[in-house]
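Novice: need coordinates for the below:
(chains A and B)
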Amino acid sequence: MEFGPHLLLASLEGATTAAVLALTAMGLSIVFGVMRVVNVAHGEFYMLGAVLAWFIATSVGTHPALGFVAALLIAPLLVGFLAAGVDRLILRHINYDPERTIVATIGTLYILQQTTLMTFGPDARPVEPPFNSRIALPWFEWGENGFEFYFPWGLSTTSYKLFVIAAAVVILITLWLAITRTKAGLIMRATQQDSDMAQAFGIPVKTVYSVVFGLGAGLAAIGAVLVVPIQQAYYLMGHDPLLLSFIVVIIGGLGSLPGTIIAAILIGISDGIISVFFTPTLAKIFATLVVAMVLVFRPTGLLGKSTS
Amino acid sequence: MNETSKSHSLHLGLIAVLALSYFVLPAYHSGNLASVMVIAIYAMGYNLLFGYTGLLSLGHALFFSAGLYGLGLVMHLANWTPLPAFAAGLIAALVVSAVIGFLILRTTGVAFMIVTLMFAQAGYLTILYFGKYTRGDEGFALKQASRQIAGYDLTDPGVRYFCALLLFSVTLLGLAYIIRAPFGRTLIAIRENEERARMLGYNVTAIKLKAVILSGVVSGASGATYALLFGYAGATFATVQYSIFPLLWVLVGGAGTTVGPFIGALFMFYLIDYASGKTEAYLLVVGVTLVLVTLFLPHGIVGTIRTRFLRWLP
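Specialist: Numbering: from 1, shown residues only, chains lettered A, B, ... in the order given. You can find the predicted model right below:
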């Protein structure tokens, strides 16, 4: 393949990554924005979404589409309730102290990951996509005979990958409308701006925290259910999404939701392009160092506002 | 006895008990104890920064592996003898912690933890990237013949045990001294109230940088000792898990206590050893312990004994 088509292919792969990443990172960002805590177990909620999707899809098991839809509806709900339980049982009792929360969620990370190892096992297992037709893509060029287009070998995507992008866009728009246009969203924003004042106005802040923590984990689980027909469910799969979500949330500005989306698109697509043209390890080293440097020299992120 | 002599007796007593243990315990347990003493050095280095200065790092595996590879690579590739190689390990840790410390101290709180995590991750990936020399996750073994100091064979269990004990004792007494010295008192002042320490005229950033470097060098010394005594270096030691372990040991034992890191490392070593005999998912005990300690034992074992019973504990 020539450079142009190759770049288009890399960007398409990157767009799928970006879509899933936007959902996952949005979960982390909402939790940080409202509760001011970093959830290190976020990657494990993602992993649980994928693993539960496998359990649900195999137990429904008639048509792949039926199992997938069931997984997409049930898995994020289960993960959300589990996360709300973690909030009630652990985080509430340490008063959301930032450092102790990090230690407690590291503990939760190991508990979830190792419990999955004991039940689901060490194998990677696939979930069948509901539909998966290959779509060849044309490439346009100015040749000797003027404008022409052809189908380069290897330049293709699947209908499922396009569905992932569309689904992520729909879910994020729904989320945006819910936060800005509904009563529940208003309560959430009030808690984010000043939890003491919200409490004084009769908002059950602790319940809001549980719901927000569950919502954040649920978003990661949705991302995982969407990705599991492309990748596979595996008990250690939460590691990369966690680091990438950190990177996205930091680059986008801690707690800034539009920043998170922009950064997810930026990181996802550049991840796709970099991993096609460079060795993945070098790309990861570079990306990690860049993010560390952003935090060092611009701690509020690219779009973040400074908090006093 | 006043508090100073009480704490001296505690430290010397612990060292004496450890020395005697070698002759009393069966070979299996004295072998374990040698490992525990080496990782306790790592935990003590971590404790200086976390327990005394109040900086929670999630990237100390970078300093540990700087020492590990600093010694390992020059012995493996350039056939250096152990003592200069040990110095190379310390210098590697010194350089890495000075550079990283300079950068990370610009951040505070949650950002500090994430930045340390990111740098350690970059370090781990760098070790994988130079897999030609480091052999990546698989790692490399140091030749038995090269692990000799002045005729003593470091692969012999007895020599290894007392070599570990020597370095453990030096670290324990050295850090106990530093913490009682004005420098250590300043670290505690920064932990308790950074703003006030600054108001009193201390150059907080410079002092913190010294703490990061000292903590990094001690952690690196532990890594170098580990490679030398157990003859193996691998990228596993640079993973996030090995940044979490010292945090775990210090939290369990008691942050900001001199013997807490050793107690925590000993307790967790045997707990993980027991669990790994029972199940493949032995890291579950790490998770459960972290959550339980955070919820119910925020001062750790030694810290709780100090608040409840023995106020003088160092």
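Novice: with adjacent residues omitted, what lies nearest to the closest residue to chain A within the stretch 101-250 of chain B?
Specialist: Chain A sits closest to residue B:118 of the stretch 101-250 of chain B, with a gap of 4.0 Å, by C-beta to the nearest C-beta. (Glycine included, C-beta is placed from N, CA and C.) Once flanking residues are discounted, residue B:118 sits nearest to residue A:292: 4.0 Å by C-beta to C-beta, 6 or more residues apart in numbering or on different chains.
Novice: pLDDT score assigned to that neighbour?
Specialist: Listed pLDDT for residue A:292 reads 84.
Novice: so it touches residue B:122, yeah?
Specialist: Yes: here residue A:292 reaches residue B:122: they are 6.9 Å apart, a contact under C-beta atoms under 8 Å.
Novice: looking at the two, which is more packed in?
Specialist: Ranked by neighbour count (other C-beta atoms under 10 Å in any protein chain shown), residue A:292 and residue B:122 place residue A:292 first, with 26 against 22.
Novice: doesn't that one lie inside a helix?
Specialist: Yes: the assignment for residue A:292 is a helix, going by DSSP: H, G, I helix; E, B strand; the rest coil.
Novice: show me what contacts it?
Specialist: B:103, B:115, B:118-119, B:122 (C-beta atoms under 8 Å, 6 or more residues apart in numbering or on different chains).
Novice: got TSV for the residues you listed, with secondary structure too?
Specialist: Output for the contacts of residue A:292, formatted as TSV (three-state DSSP):
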residue	secondary structure
B:103	helix
B:115	helix
B:118	helix
B:119	helix
B:122	helix
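Novice: what pLDDT does the model give the residue of the stretch 101-250 of chain B closest to chain A?
Specialist: pLDDT, residue B:118: 88.
Novice: show me where the stretch 151-300 of chain B has its helices.
Specialist: All helices of the stretch 151-300 of chain B, identified by DSSP state H, counting those that start in this stretch, fall at B:157-180, B:182-192, B:194-199, B:204-230, B:240-253, B:260-278, B:284-296, B:300-308.
Novice: swap in the stretch 1-150 of chain A?
Specialist: In the stretch 1-150 of chain A, helices defined by DSSP H, counting those that start in this stretch lie at A:3-35, A:42-60, A:64-89, A:98-119, listed in chain order.
Novice: okay, the angle between the last one and helix B:260-278?
Specialist: If you take axes from the mean of the first three to the mean of the last three C-alpha atoms, to 10 degrees, helix A:98-119 sits at 20 degrees to helix B:260-278.
Novice: before we move on, what about the second one?
Specialist: Between helix A:42-60 and helix B:260-278, the angle formed by their directions is 10 degrees, by the same axes, to 10 degrees.
Novice: can you check the third one too?
Specialist: What separates the directions of helix A:64-89 and helix B:260-278 is an angle of 140 degrees, with the same axes, to 10 degrees.
Novice: for helix A:64-89, the distance to its chain's centre please.
Specialist: 15 Å (C-alpha atoms, centre = their mean, to the nearest Å).
Novice: where does the chain have low pLDDT?
Specialist: Just going to use chain A. A:1, A:143, A:153-154, A:254, A:299-308 (pLDDT under 70).
Novice: chain B, not that one
Specialist: Applying pLDDT under 70 to chain B flags residues B:1.
Novice: grab the nearest non-local neighbour of residue B:168.
Specialist: Per C-beta to C-beta, 6+ apart, closest to residue B:168 is residue B:37, 4.1 Å.
Novice: and the one you found, what element?
Specialist: helix B:27-47 (DSSP states H and E).
Novice: list the buried ones in stretch B:271-288?
Specialist: B:271-272, B:275, B:281-288 (16 or more other C-beta atoms under 10 Å in any protein chain shown).
Novice: my guess is residue A:20 contacts residue A:229. True?
Specialist: No: at 11.5 Å, residue A:20 does not count as touching residue A:229 under the criterion of C-beta under 8 Å.
Novice: could you dump stretch B:48-56 to CSV, C-alpha only?
Specialist: Taking C-alpha atoms only, stretch B:48-56 is exported to CSV below (Å, rounded to 0.1, in the frame of the first residue of the first chain):
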residue,chain,number,x,y,z
LEU,B,48,11.7,7.9,54.0
LEU,B,49,9.8,9.6,51.2
PHE,B,50,6.2,8.4,52.0
GLY,B,51,6.3,8.0,55.8
TYR,B,52,8.5,10.9,56.7
THR,B,53,8.2,13.4,53.9
GLY,B,54,4.6,12.7,53.1
LEU,B,55,5.2,12.1,49.3
LEU,B,56,3.3,9.1,47.9
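Novice: buried residues in that stretch?
Specialist: So stretch B:48-56, judged by 16+ other C-beta under 10 Å, has buried residues B:48-56.
Novice: tell me which of these is nearest to chain A?
Specialist: Checking the buried residues of stretch B:48-56 against chain A by C-beta to the nearest C-beta gives residue B:56 as the nearest, at 5.3 Å.
Novice: which SS state does the closest one fall under?
Specialist: Under three-state DSSP, residue B:56 falls in the coil class.
Novice: tell me the contacts of it?
Specialist: Residue B:56 makes contacts with A:99, A:102, B:50, B:112-113, B:247, as judged by C-beta under 8 Å, 6+ apart.
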